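J.: The following block contains a protein sequence and its predicted model.
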Protein chains: 2
Amino acid sequence: MQRLAVGLRRQGSVGFVPTMGALHAGHIALVRRAVELCDRVVVSIFVNPTQFGPAEDFRRYPRRLRHDLRLLSGAGCDVVFCPDVRGMYPDGYATFVEVERLTQHLCGARRPGHFRGVATVVAKLLNIVRPDVTVFGQKDAQQVQVIRRMVRDLSFPVRVVVVPTVREADGLAMSSRNAYLSPEERKQATVLYRGLVLARHMVRSGERDAARIRAAVRRLVEGETSGRVDYIELVDAEELKPRSRLEGRVLVALAVWFRRARLIDNMTIRVGVGRSESCESRRRRQSQSV
Amino acid sequence: MQRLAVGLRRQGSVGFVPTMGALHAGHIALVRRAVELCDRVVVSIFVNPTQFGPAEDFRRYPRRLRHDLRLLSGAGCDVVFCPDVRGMYPDGYATFVEVERLTQHLCGARRPGHFRGVATVVAKLLNIVRPDVTVFGQKDAQQVQVIRRMVRDLSFPVRVVVVPTVREADGLAMSSRNAYLSPEERKQATVLYRGLVLARHMVRSGERDAARIRAAVRRLVEGETSGRVDYIELVDAEELKPRSRLEGRVLVALAVWFRRARLIDNMTIRVGVGRSESCESRRRRQSQSV
């Protein structure tokens, strides 16, 4: 792949989309964005063991290479890179990339070592493919921030492009793990999106107390479905630090278990002036904060 | 520097020598090797704070930029890259590269975080300069193994070249930290090299017990000088794991304090058949081990 990439770069700019396969319309949106931006596009398919915890779904993660290759050839991808685990992590492998702070909350708190595995494999893939542009999905919001931070901190000469989450018609975010859901769970799983819409509605109605929003979303999820909330958090959209009082750009993110399927989703909300807040009270607040 | 490096690569192969400045003949040997191997050579000068512990000599580490630039222009170097700390580690910096296992012994055990800082800054510099070849000195034997491991593990497309330790006429390894020594200490400091020669002599005379060699070298250092031994270790030359019974390629490494100056040195010894061991006893031992 490294040799091949040298040749690709001679032909123009190179875009790169790292995936774990079991591709869906969300991945294809990333590939299409890369095709728009670059002359040549490489997609990797690698179910990366170092980003799964010991009790997680590495073994049963869906693998559908033939289906993936068919999808990719229709999407304008030039090269598919499918390394095996021994090739990526040979005997004696010992090097890991850690991004601190950004990984303390959200999925980072629930999945110790997950983002270390993600940062490590992405660093390695960037060195192998050496793309000009790499494309990620906003669905994995924390991953996006971790990769952006790593690319900036370690001066990888690559532009990170982020594509909005692709959703099913009923709002469910596309995910390879949706394949784990029973038909009944699949119906209920729209509750993640409905929870985010509820949070946004509350913010727009003037709610600034994160705890009240979290409680309302939890009531929705656990009241109406068999889903079990792993977390609901409201954090600032850049540093991913939890906020109790909302302001600026806020990321609302949640993870919900349906039996063995853990689904995540998120939404970024700009906390403006609430509809319930009058111009008068706004002016008062602003003059206080000066 | 990243833009400049793009232009350099168009002119041919690029060699890179990362340094902390205060250059001496050891560094210049690295630069000359890079000039032999490559069309263009970049040297970085950066006293990297993340590889110093809180009680170490980051602040007083010698800085001699004008002297360094003079030396480098005579050595055939094309570009000198001198970033500042804020440029390398801006506010919010959060990413670190860790190489496990190899960093457990020798200096890694005495300087927690040191090799994390080294691996991180070298990864970043490799991304900035993107050289074809990078040159390191055998004087920092553990650093060499850590960088080799990191380059292999993270698939950096660069060849790591290692140059033998350059020594003063009396055997003292060249080091920027030799500047910390008083004239009297400077004389005594040859004891590091003499300790390595003693170790080699013992091995060649048939000694295979690492503890006896360590004790003899310690007696030499602490008996004949004011130096205080930080460590004397005999490890296998690849994995850097301590050996009690010597065989194969062994790295003898030591660190000695002279007041506030901590000096290191090392020697790789191939443990063959000792001179004191007869052909008969060798045959007996080999048949036992089958």
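T.: It's in.

J.: Burial check on the closest residue in space to A:Gln51 that isn't next to it in sequence, number of neighbours?
T.: With Cβ to Cβ, 6 or more residues apart in numbering or on different chains as the criterion, A:Gln51 has its nearest non-adjacent residue at 3.1 Å, and that residue is A:Gly117. C-beta coordinates here come from the backbone N, C-alpha and C atoms, glycine included. Counted with other Cβ atoms under 10 Å in any protein chain shown, residues neighbouring A:Gly117 total 18.

J.: Same check on A:Val47?
T.: A:Val47: 18 neighbours (other Cβ under 10 Å).

J.: Can you get me the start-to-end distance on stretch A:105-122?
T.: 20 Å (Cα to Cα, to the nearest Å).

J.: Show me what it is in contact with.
T.: Outside stretch A:105-122, the residues that touch it by Cβ atoms under 8 Å, 6 or more residues apart in numbering or on different chains are A:18, A:46, A:48-53, A:56, A:88, A:95-99, A:102-103, A:134, A:141-143, A:146-147, A:150, A:230-231, A:233, A:235, A:240-242, A:253, A:255, A:264, B:95, B:154.

J.: List the buried residues for that stretch?
T.: Using 16 or more other Cβ atoms under 10 Å in any protein chain shown as the burial criterion, the residues of stretch A:105-122 that qualify are A:105-108, A:111, A:113-122.

J.: can you give me the helices in the stretch 51-200 of chain A?
T.: A:65-75, A:85-88, A:106-110, A:114-129, A:141-153, A:183-188, A:191-204 (DSSP state H, counting those that start in this stretch).

J.: quick one: average confidence on the fifth one?
T.: Meaning helix A:141-153. Averaged across helix A:141-153, pLDDT comes to 98.

J.: Could you list the buried residues of it?
T.: Result for helix A:141-153 [16+ other Cβ under 10 Å]: buried residues A:141-151, A:153.

J.: cool, and the last one?
T.: Counting neighbours by 16+ other Cβ under 10 Å, one finds that the buried residues in helix A:191-204 are A:191-196, A:198-200, A:202-203.

J.: on that earlier part again, determine which two of the buried residues of stretch A:105-122 are furthest apart.
T.: Comparing every pair within the buried residues of stretch A:105-122 by Cβ to Cβ identifies A:His105 and A:Val121 as the most remote, at 21.6 Å.

J.: for the stretch 51-200 of chain A, what are the low-confidence residue spans?
T.: Within the stretch 51-200 of chain A, no stretch has pLDDT under 70.

J.: Any residues of it in contact with chain B? List them.
T.: Counting by Cβ under 8 Å from any Cβ of the partner chain, the stretch 51-200 of chain A comes close to chain B at A:92-102, A:119-120, A:123-124, A:127-128, A:130, A:149-150, A:153-157.

J.: and the residue of the stretch 1-150 of chain A nearest chain B?
T.: Proximity of the stretch 1-150 of chain A to chain B (Cβ to the nearest Cβ) peaks at A:Thr95, 3.6 Å away.

J.: Go ahead and confirm that residue touches B:Met150.
T.: Yes - using Cβ atoms under 8 Å, A:Thr95 is in contact with B:Met150, at 4.9 Å.

J.: For these two, list the residues in contact with both.
T.: With Cβ under 8 Å, 6+ apart, A:Thr95 and B:Met150 have common neighbours B:97, B:99, B:119.

J.: Would you mind giving the residues you listed as a markdown table with distance to B:Val161 added?
T.: Converted to a markdown table, the shared contacts of A:Thr95 and B:Met150 look like this (distance: Cβ to Cβ, whole Å):
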| residue | distance to B:Val161 |
| --- | --- |
| B:Val97 | 20 |
| B:Val99 | 19 |
| B:Ala119 | 18 |
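
J.: for those, which one is nearest B:Asp39?
T.: Once Cβ to Cβ is applied, the member of these that ends up nearest B:Asp39 is B:Ala119, at 27.5 Å.

J.: Quick check on the nearest residue to A:Glu56 once chain neighbours are set aside: phi, psi?
T.: The shortest distance from A:Glu56 to any non-neighbouring residue, by Cβ to Cβ, 6+ apart, is to A:Arg111 (7.3 Å). The phi and psi values for A:Arg111, taken as degrees, to the nearest 10, are phi -130, psi 80.

J.: Measure how buried A:Leu246 is and give me the count.
T.: 21.

J.: separation between it and chain B?
T.: For A:Leu246, the distance to chain B (Cβ to the nearest Cβ, to the nearest Å) stands at 22 Å.
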